[in-house]
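1. pasting the sequence and the predicted coordinates here, then a few questions.
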Amino acid sequence: MDPTEFVDRIANELNLRTDQVAATAKLLVEGATVPFIARYRKEATGTLDEVQITAIRDRLDALKELTARKSTVLQSLEERSLLTAELKAKIDAAETLSTVEDLYLPYRPKRRTRAMIARERGLEPLADWLWEQPMDGDPIHQATPYIDPEKEVADAEAALAGARDIVAERINDDAEVRAELRNLFDKKATLRSRVMMGKETEGAKFRDYFDWSEPAAKAPSHRVLAIRRGEKEGVLLMRITPPEEDGVAVVHHRFVKNQGPAGAQVALAAKDAYKRLLESAMETEARLKLKKQADADAIQVFVDNIRELLLAAPLGGKRLLAIDPGFRTGCKVVCLDRQGALVHNDLIYVQQSERAAVESARKLQSLVERFEIEAIAIGNGTAGRETEAFVRSLNLKLPLLVVNESGASIYSASDVAREEFPDQDITVRGAVSIGRRLMDPLAELVKIDPKSIGVGQYQHDVDQNALKRSLDDTVMSCVNLVGVELNTASKQLLSYVSGLNSAMAAGIVEHRNNQGPFTSRKDLLKVPRLGPKAFEQAAGFLRIHNAKNPLDTSAVHPERYPVVTRMAEDLGTDVASLMRDDQLRQKIQLEKYTSEEVGLPTLRDILAELEKPGRDPRQQFELFEFDSRVEKPADLEIGMKLPGIVTNVTAFGAFVDIGVHQDGLIHISQLADKFVKDPGEIVKVSQKIHVTVMEVDLDRNRIALSMKSNPDLTPRSQRQKSEPRPQTKPRDRAKSPRRPDGPLQEDWFTQAMNRR
């Protein structure tokens, strides 16, 4: 595919300059990654960011798919001698896949249809006569000659019925009427769901959708995916259609020329074409389109959550004592050095007996002193709050932090963990992961499939290929934004660096193990199968602490080292001094160093790096403690104001860990004192917030929270007495500020509970 073929179109669609799109397309075709282009090719792209570059890449891929489909269709038509100059021109001009398919439909090989059978019975001339719709002439009279019992045409009415089948198929194959109906479905289709007979009890978690109706164009992604899941499980029946009379009217208006006898026959055929053929075809398209949009919205929620989680503030290199809590089997304790290496593991019991607690206290105090521990990390799973309370009672005078352990069990049983710790059991691996994700969430979480971290929304229902691509893009973006320490990074982390893959990452680690630490970025070229192109893409995102060349610790790309050297020489100093001395840097006149390849955007980036080489863009770590009054849901009281950490953001609200082994839900209507359209505008995953307890349902494991300044704390049962819920109009129920506007709340609460 020649990328320049689509430059004008993409530029117009994305509201960008053609030169920006052309340069970006060229770089993408040459193998450049999105982070590399955004960071190191600003002059070429006109400072496009990652979002814009990704949009260009995805649009190029879509147009490539369109081009490939056109080629396949044209080849099929040509091989069957069906391709005319007019048809070829229409296919070449088609701008969407649906248009191409509409044009191809009349010529697509079909299974045996009612129209085919009618043609076999010799009824096509009668269909042609009806198609012309002459004002004079009697259809019965015209049909009489076609009566032939041997061909199963018993009478004139049977002949007319067969002719109408042919007319109906012609209407169905018409590209223009399909386009008009597609527009009707987009604007007026209604999403409806009904419970299947006898499934009321079995499918109780879908009860909000037993009798649901709303405009399809306005249906939020979580509702679409919930209803589709209910349909997949055999509980719900889903339809997406506009009013039938509107669809019939579109077809009637386009094909019925008059009200004569022949026109009346065509009107019957038009109605049949819509109800039997077009409506189902258009509904299938509408379902796919709605699913695609719902997938995109759900994936975006997932991507936003993962980005916040990966870019959570790191504690940094500290000697850690990490605890994976447990009741019956005890708490696994590990000690990590400042690089995250395991130096010791042990087991303590904090709940079994007083004697065991005394022994555990002695053991912990000994470990803290022996390994000069600087902070303590405790997983937030089962027995987490009890373990936290026990450790706090020891007054060790160390920062004690509760860590979200979602996905730790996935990691501990993975091939990655077995490779890292072949001689340790899964409990040790899990505790190590808890400690490391406190030190550096990004470096540890890249070892886990993002779908297993538990911050998505219907991640198993969306297009898995689209989800994987978006998540991979997000992880790569985060890794390259932060940068990677070359001499300590795992191969999993290195594999997300621009230009590298898993094989190259493994090669880097093997070279590091065999030859010792890298002393300069140039040493990367000594790694087998890592060539100049990969080096160009990766080098700027890799850091070498205490490197010989101080620029190797920064995000300045090696290709721009000569520019920095010139800056230093012009000021009569060296690069190291230039990086240390702010007054020297203030004397730099950037305009002196511009060239065809290097412009002011890159020079400004270089100057910023010289000021803070290798700076971490993540926020500074803040200590956080749960309220000591609560350890379990039964401890909660209506009106309590508690600190919490956001664990998941969805389209209908946010889930918050308040330290009771059960996430609470802040419904979207309770996120702020103002109307909130997108929860992501108010809260982010890993954000520390304060909430008010509104309701606690111990039987159903539900906790309702609010971030409003003065939430309504009236019990739901009393509100229902004074404000009865409408008995009809499901849409009114969805707008109720007291009822979560989201599907399968049981599923979400179960997920949150299971995460513990």
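-> Noted; the coordinates are in hand. Residues are numbered from 1 along each chain as shown.
2. residue 643 is in contact with residue 626, correct?
-> Yes. With contact defined as Cβ atoms under 8 Å, residue 626 and residue 643 form a contacting pair (6.4 Å). All C-beta spots, glycine's among them, are computed from the backbone N, C-alpha and C.
3. hey, what's in contact with both of those two?
-> residue 658 (Cβ atoms under 8 Å, 6 or more residues apart in numbering).
4. ok, those two, which is more surrounded?
-> The neighbour comparison of residue 626 against residue 643 (other Cβ atoms under 10 Å) goes to residue 626, with 20 against 16.
5. what does the nearest residue to the more buried one once chain neighbours are set aside show for phi and psi?
-> The shortest distance from residue 626 to any non-neighbouring residue, by Cβ to Cβ, 6 or more residues apart in numbering, is to residue 659 (3.1 Å). Taking degrees, to the nearest 10, you get phi 90, psi 30 for the backbone angles of residue 659.
6. count the residues that sit near residue 509.
-> Close neighbours of residue 509, defined as other Cβ under 10 Å, add up to 16.
7. part of a helix, is it?
-> Yes. Checked against DSSP: H, G, I helix; E, B strand; the rest coil, residue 509 lies within a helix.
8. do I have it right that it meets residue 492?
-> No. Contact criterion Cβ under 8 Å: residue 509 and residue 492 do not qualify, at 9.9 Å.
9. tell me which helix or strand in the chain has the weakest average pLDDT.
-> Across the helices and strands of the chain, mean pLDDT, DSSP states H and E gives its lowest value to helix 730-735, namely a mean of 33.
10. what's the burial count for residue 343?
-> Residue 343 has 11 neighbouring residues, counting by other Cβ under 10 Å.
11. what comes up buried for the helix or strand hosting it?
-> Secondary structure from DSSP states H and E places residue 343 in strand 342-348. Buried residues in strand 342-348, counted by 16 or more other Cβ atoms under 10 Å: 342, 345-346, 348.
12. measure the most centrally placed residue in the chain to residue 51 for me?
-> Centroid-nearest residue in the chain, with Cα atoms, centre = their mean: residue 299, separated by 2.3 Å. According to Cβ to Cβ, to the nearest Å, residue 299 stands 14 Å off from residue 51.
13. in this structure, where is pLDDT below threshold?
-> Low-confidence segments of the chain (pLDDT under 70): 1-4, 715-756.
14. sticking with the closest residue to residue 524 other than its chain neighbours, tell me its helix or strand.
-> For residue 524, ignoring the flanking residues on the chain, the nearest one in space by Cβ to Cβ, 6+ apart is residue 535 at 5.6 Å. Using DSSP H and E, residue 535 maps to helix 532-538.
15. buried residues, that helix. List them.
-> Buried positions in helix 532-538, judged by neighbour count with 16+ other Cβ under 10 Å: 534-538.
16. immediately after it, which helix or strand?
-> Following helix 532-538 in sequence order, the next helix or strand is strand 542-543 (DSSP H and E).
17. can you list the strands that that next one pairs with?
-> According to DSSP bridges, strand 542-543 forms sheet pairs with strand 484-485 (parallel).
18. remind me what the next helix-or-strand element following the partner strand packs against, helices and strands.
-> Remark: after strand 484-485, the chain's next helix or strand is helix 491-494, criterion DSSP H and E. Helix 491-494 sits against helix 502-515, with contacts defined as 3 or more Cβ pairs under 8 Å, 6 or more residues apart in numbering; DSSP states H and E.
19. which stretches of the stretch 601-750 of the chain form helices?
-> Secondary structure of the stretch 601-750 of the chain (DSSP state H, counting those that start in this stretch): helices located at 716-722, 730-735, 745-755.
20. so residue 238, which state does it fall into?
-> The local conformation at residue 238, judged by three-state DSSP, is strand.
21. and the strand holding residue 343, what does it pack onto?
-> If contacts are counted by 3+ Cβ pairs under 8 Å, 6+ apart, strand 342-348 sits against strand 331-336, helix 354-370, helix 426-439.
22. so what touches it?
-> With contact meaning Cβ under 8 Å, 6+ apart, strand 342-348 is reached by 323, 330-337, 359-360, 363-364, 367, 370-371, 421, 424, 428, 431-432.
23. dump it to CSV, restricted to CA.
-> In CSV, the C-alpha atoms belonging to strand 342-348 read as follows (Å, rounded to 0.1, in the frame of the first residue of the first chain):
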residue,chain,number,x,y,z
LEU,A,342,14.7,-11.3,47.1
VAL,A,343,17.1,-11.7,50.0
HIS,A,344,14.9,-13.6,52.5
ASN,A,345,11.5,-15.2,52.9
ASP,A,346,9.7,-16.4,56.0
LEU,A,347,6.2,-17.2,57.4
ILE,A,348,4.3,-15.6,60.3
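24. how far off helix 354-370 does that strand point, in degrees?
-> Direction vectors for strand 342-348 and helix 354-370, defined by axes from the mean of the first three to the mean of the last three Cα atoms, to 10 degrees, enclose an angle of 160 degrees.
25. give the pairing partners of strand 342-348; include direction for each.
-> If you go by DSSP bridges, strand 342-348 pairs up with strand 331-336 (antiparallel).
26. what residues of stretch 382-391 count as buried?
-> So for stretch 382-391, counting by 16+ other Cβ under 10 Å, buried means 382-388, 390-391.
27. let me fix that: stretch 574-594
-> So, applying 16+ other Cβ under 10 Å, buried residues of stretch 574-594: 575, 578-579, 584, 588, 593.
28. what's the answer for stretch 638-656, then?
-> Judged by neighbour count (16+ other Cβ under 10 Å), stretch 638-656 contains these buried residues: 640, 642-656.
29. repeat for stretch 281-289
-> 282-283, 285-287, 289.
30. out of the residues you listed, which sit inside helices?
-> Taking DSSP state H, the ones among the buried residues of stretch 281-289 that sit in helices are 282-283, 285-287, 289.
31. columns distance to residue 30 on top of those residues, output as a markdown table?
-> Output for those, formatted as a markdown table (distance: Cβ to Cβ, whole Å):
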| residue | distance to residue 30 |
| --- | --- |
| 282 | 42 |
| 283 | 43 |
| 285 | 37 |
| 286 | 40 |
| 287 | 39 |
| 289 | 34 |
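32. and of those residues, the nearest to residue 24?
-> Nearest to residue 24 out of these is residue 289 (Cβ to Cβ; 27.9 Å).
33. how about the contacts made by the residue lying closest to the closest one once chain neighbours are set aside?
-> Excluding the flanking residues, the one nearest residue 289 by Cβ to Cβ, 6+ apart is residue 186, at 7.9 Å. Residue 186 makes contact with 217, 286, 289 under the criterion Cβ under 8 Å, 6+ apart.
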